[in-house]
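Asks: Build me a model from this:
(one chain, ligands or ions: 3)
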Amino acid sequence: MPVEDALARLLALAEGAPISTCERVALAEADGRVLAEPLVAGLDLPPWDNSAMDGYALCLADWQGEPLPVSQRVLAGSAPQPLQPGTCARIFTGAPLPAGADLVEMQENAEVLADGRVRFLEPLKTGQNVRPRGQETRTGETVLPAGTRLGPIEMGLCASLGAAELVVRRRPVVAVISTGDELVPPGQPLGPGQIYNSNRSLLIAWLKRLGCAVLDAGILADDLELTRKALAELADVDLILSTGGVSVGEADFLGVALREEGELALWKLAIKPGKPLTFGHFRGVPVIGLPGNPASTLVTFGLLARPYLLRRLGVEEVQPLGFAVPAGFTWRKPGNRREYLRARLENGRAVIYPNQSSGVLRSAAWAEGLVEVLEGTTLAEGDTLRFIPLSELQA
Ligand SMILES: Nc1nc2c(c(=O)[nH]1)N[C@H]1C(S)=C(S)[C@@H](COP(=O)(O)OP(=O)(O)OC[C@H]3O[C@@H](n4cnc5c(N)ncnc54)[C@H](O)[C@@H]3O)O[C@H]1N2
Ligand code: MOO
Ligand SMILES: [Mg+2]
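Replies: Residues are numbered from 1 along each chain as shown. Ligands and ions are numbered 1, 2, ... in the order given. Below is the predicted model:
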């Protein structure tokens with residue numbers, strides 16, 4: 001199945017199983033969460049006309065070009081008096097404009113005379129250096145739609161509107177299973193044939209960034225009975241996310257368990273790395289089986305499982321679009337799977353890590369993004385490719 005068809009399937013399944021319950025959280029706890037209700041402005045922003053500069057506020061219609069006495073001093077955080085006709089007000093950045101004033105001149109363009117009056121050195125224009133009330137936002141406007149993922153910028157925006165609490169989708173509970181008799185957690189010595197479990201750490205960190213509550217189900221031995229048992233114990237989670245055990249080997253049991261006690265909706269995609277990606281249900285619980293090779297885990301989580309989870313949270317834009325870059329390498333062997341190569345930008349061109357084996361996670365740590373090589377294509381230097389930044393995928 002082509003990647004885009006698999007993604008469309010997954011997103012449709014996600015829409016059928018939304019994480020629809022919500023909770024009210026303090027603003028400080030909302031980073032990384034998804035808004036369940038739109039953020040509607042309860043005030044104008046700015047709440048009043050204010051000065052964009054340190055200088056002097058005056059009324060243009062009232063001014064004949066003569067130096068003006070200073071009738072008041074207005075600091076940010078103060079409440080000014082209405083402007084006395086025939087005077088100007090000393091004013092500072094962010095301070096409310098006195099009623100009757102309609103412009104601010106910056107102090108660099110003004111001269112304070114010996115008698116304290118202020119002479120304006122440049123032509124003046126109504127509205128200059130004034131940030132009018134409501135210029136950013138008006139009361140009642142929807143500032144962020146439901147389904148927005150909150151990041152640093154949104155946190156700041158919510159605060160600017162005085163939102164102390166937000167209604168967000170609850171965290172999806174995702175169980176992480178690492179399958180493989182060879183796996184050992186870091187901190188223990190390696191025996192013969194053993195390797196450290198890297199997928200667990202990669203996925204747990206990534207899921208947390210996505211606002212998921214992670215249930216670490218540990219390492220699962222390559223055994224059908226134990227696989228059934230492990231899956232059966234996770235009946236209450238929103239998603240079971242496993243790695244390994246999805247290919248055709250004699251120790252690959254995930255697909256068998258899904259076929260027996262649920263259903264296998266997706267298996268064998270035209271994607272490299274990541275071909276044996278598996279999606280199905282075990283006794284009704286959604287299961288994503290990522291291929292065990294670490295670069296396959298990375299690519300399939302980023303391009304398929306991450307969008308699936310985000311869509312379950314009601315997020316519309318689930319995938320970075322990436323951007324077009326010229327290839328800084330040649331590709332001579334057309335594949336029958338869409339390839340995602342770990343790449344970097346050098347002098348505006350994509351160059352790839354020399355070892356693209358799906359077992360090599362170091363390629364991804366070196367890389368800044370994934371470049372997409374379409375099925376059946378070869379590439380010459382300068383040909384255009386899509387570059388998907390890893391920073392955006394990991395956000
Ligand atoms: N005869 C075939 N063999 C394989 C095929 C195929 O089509 N025919 N597909 C290959 C492809 S492509 C992939 S990808 C892998 C996927 O295999 P599995 O998902 O079943 O994963 P395992 O066999 O369990 O492990 C693969 C590889 O990854 C290492 N691994 C697994 N889990 C972890 C972990 N948590 N941390 C670090 N490394 C892990 C494991 O030791 C293996 O080296 O199958 C190919 N075979
Ligand atoms: O699809 Mo596998 O991840 O190529 O090695
Ligand atoms: Mg295998």
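Asks: quick one: G369 from Q319, how far?
Replies: 13 Å (C-beta to C-beta, to the nearest Å). (C-beta placed from N, C-alpha, C; glycine too.)
Asks: So between these two, which is more surrounded?
Replies: G369 (25 against 17; other C-beta atoms under 10 Å).
Asks: hey, what's that one bridged with?
Replies: Beta bridges link G369 to A343, P389 when assigned by DSSP bridges.
Asks: and I19, what does it touch?
Replies: 169-170, 172, 238, 312-314 (C-beta atoms under 8 Å, 6 or more residues apart in numbering).
Asks: From ligand 1, how far out is it?
Replies: Distance, I19 to ligand 1, by C-beta to the nearest ligand atom, to the nearest Å: 26 Å.
Asks: go on, E346?
Replies: Taken as C-beta to the nearest ligand atom, the span from E346 to ligand 1 is 28 Å.
Asks: Report how many residues lie close to the closest residue to that residue other than its chain neighbours.
Replies: For E346, ignoring the flanking residues on the chain, the nearest one in space by C-beta to C-beta, 6 or more residues apart in numbering is G328 at 6.2 Å. The burial count assigned to G328 is 19, neighbours taken as other C-beta under 10 Å.
Asks: now do R119
Replies: 13.
Asks: give me the element it is part of.
Replies: strand 118-120 (DSSP states H and E).
Asks: Assign L215 to helix, strand or coil.
Replies: Three-state call for L215 (DSSP: H, G, I helix; E, B strand; the rest coil): strand.
Asks: Which residue of this structure lies farthest from its centroid?
Replies: Centroid-distance maximum for the chain: D115 at 57.6 Å, with C-alpha atoms, centre = their mean.
Asks: Now do the same for that one: helix, strand or coil?
Replies: D115 - assigned by three-state DSSP - is coil.
Asks: For stretch 358-377, measure first residue to last.
Replies: The first residue of stretch 358-377 is 20 Å away from its last residue (C-alpha to C-alpha, to the nearest Å).
Asks: And it, what's buried?
Replies: 358, 360-361, 363-364, 367-373 (16 or more other C-beta atoms under 10 Å).
Asks: ok, which of those residues also contact ligand 1?
Replies: Filtering the buried residues of stretch 358-377 for neighbours of ligand 1 using C-beta under 6 Å from any ligand atom leaves S358.
Asks: Which ones among the buried residues of stretch 358-377 lie within strands?
Replies: 369-373 (DSSP state E).
Asks: so who does the residue most central in space within the chain touch?
Replies: The centroid of the chain falls nearest to A395 when counting by C-alpha atoms, centre = their mean (4.2 Å). With contacts defined as C-beta under 8 Å, 6+ apart, A395 is in contact with 151, 209.
Asks: rerun at 7 Å
Replies: By C-beta atoms under 7 Å, 6 or more residues apart in numbering, the contact set of A395 is empty.
Asks: Compile the buried residues of stretch 358-377 into CSV and extend it with columns for pLDDT and distance to V40.
Replies: Formatted as CSV, those follow (pLDDT from 0 to 100; distance: C-beta to C-beta, whole Å):
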residue, pLDDT, distance to V40
S358, 98, 47
V360, 97, 48
L361, 97, 44
S363, 98, 45
A364, 98, 41
A367, 98, 41
E368, 98, 38
G369, 98, 36
L370, 98, 37
V371, 98, 41
E372, 98, 39
V373, 98, 45
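Asks: what's the closest of the buried residues of stretch 358-377 to ligand 3?
Replies: Using C-beta to the ion, S358 is the member of the buried residues of stretch 358-377 that lies nearest ligand 3, at 11.8 Å.
Asks: Give the closest residue to that closest one in space, chain neighbours not counted.
Replies: By the measure of C-beta to C-beta, 6+ apart, the closest residue to S358 outside its immediate chain neighbours is P273, 3.4 Å from it.
Asks: Which residues in the least confident helix or strand in the chain by mean pLDDT does the neighbour count mark as buried?
Replies: None of the helices or strands of the chain scores lower by mean pLDDT, DSSP states H and E than strand 262-267, at a mean of 93. By neighbour count on 16+ other C-beta under 10 Å, the buried set for strand 262-267 is 262, 264-267.
Asks: okay if I get those residues as TSV plus distance to G382?
Replies: As requested, the buried residues of strand 262-267 are exported to TSV (distance: C-beta to C-beta, whole Å):
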residue	distance to G382
G262	48
L264	42
A265	40
L266	36
W267	37
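Asks: if we take those residues, which one ends up nearest to ligand 1?
Replies: Here the nearest of those to ligand 1, counting by C-beta to the nearest ligand atom, is W267; it sits at 10.9 Å.
Asks: so that closest one makes contact with K275?
Replies: No - in terms of C-beta atoms under 7 Å, W267 does not count as a neighbour of K275; the distance is 9.3 Å.
Asks: follow-up on the earlier one: go ahead and measure how far whichever helix or strand comes after the least confident helix or strand of the chain is from the middle of the chain.
Replies: Remark: after strand 262-267, the chain's next helix or strand is strand 271-272, criterion DSSP H and E. Using C-alpha atoms, centre = their mean, to the nearest Å, the mean C-alpha position of strand 271-272 is found 24 Å from that of the whole chain.
Asks: Direction included, what does the following helix or strand past strand 271-272 pair against?
Replies: Once the chain leaves strand 271-272, the next helix or strand it forms, by DSSP H and E, is strand 278-282. For strand 278-282, the paired strands and their directions (DSSP bridges) read strand 262-267 (antiparallel), strand 285-290 (antiparallel).
Asks: tell me what the helix or strand encompassing V176 is packed against?
Replies: V176 is part of strand 173-179 when elements are defined by DSSP H and E. If contacts are counted by 3 or more C-beta pairs under 7 Å, 6 or more residues apart in numbering; DSSP states H and E, strand 173-179 sits against helix 199-209, strand 213-220, strand 239-243.
Asks: cutoff 10 Å now
Replies: Helices and strands touching strand 173-179, by 3 or more C-beta pairs under 10 Å, 6 or more residues apart in numbering; DSSP states H and E, are helix 199-209, strand 213-220, helix 224-232, strand 239-243, strand 285-290.
Asks: returning to what we had before: using CSV, lay out the ones in strands among the buried residues of stretch 358-377 together with distance to ligand 3.
Replies: Converted to CSV, these look like this (distance: C-beta to the ion, whole Å):
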residue, distance to ligand 3
G369, 28
L370, 23
V371, 27
E372, 25
V373, 25
